[in-house]
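Participant: Structure for this input, please:
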Amino acid sequence: MAGQKQFDPTVALDQAVQVFWRHGYHLASVGALTKATGLGRGSLYGTFGSKDQLFIACLRRYMSKIGAENAAALTSRPDDHRAAIGAFFTA
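Facilitator: Sure thing, here's the model as predicted:
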């Protein structure tokens with residue numbers, strides 16, 4: 001249907017995070033980002049704006065996921081603080 005996204009932007013962000021992680025910002029080409037996400041340039045830019053805006057969205061996505069994982073690890077063992085810290089570093 002025209003106007004409706006046919007993809008999940010959070011999945012695309014997770015895939016783009018991997019490209020930026022492997023190549024860094026400067027070497028992460030738009031071609032590599034479109035290949036990894038499966039999106040065309042128009043969809044990529046239409047959803048996320050510029051490469052800069054995509055990178056910022058990726059950082060936010062990464063931090064929200066990592067923050068949630070770290071918080072879960074730290075609270076996983078309220079009876080054993082050392083084990084909770086170990087879980088944090090494992091995560």
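
Participant: how about low-confidence regions in the chain?
Facilitator: Applying pLDDT under 70 to the chain picks out residues 1-5.

Participant: measure the residue most central in space within it to residue 20 for me?
Facilitator: Centroid-nearest residue in the chain: residue 14, 3.7 Å away (criterion: C-alpha atoms, centre = their mean). As judged by C-beta to C-beta, to the nearest Å, residue 14 and residue 20 stand 11 Å apart. To be clear about C-beta, it is placed using only N, CA and C from the backbone, and glycine gets the same treatment.

Participant: Could you find the closest non-adjacent residue to the residue nearest to the centre of the chain?
Facilitator: residue 61 (6.8 Å; C-beta to C-beta, 6 or more residues apart in numbering).

Participant: Pull out the buried positions in the helix or strand where residue 61 lies.
Facilitator: Using DSSP states H and E, residue 61 falls within helix 51-74. Neighbour counts over helix 51-74 (16 or more other C-beta atoms under 10 Å) mark 51, 54, 55, 57, 58, 61, 62, 73 as buried.

Participant: give me every residue that touches the fourth one.
Facilitator: When the contact criterion is C-beta atoms under 8 Å, 6 or more residues apart in numbering, the partners of residue 57 are 13, 48.

Participant: And it, how far from residue 26?
Facilitator: 18 Å.

Participant: try the first one
Facilitator: Distance, residue 51 to residue 26, by C-beta to C-beta: 10 Å.
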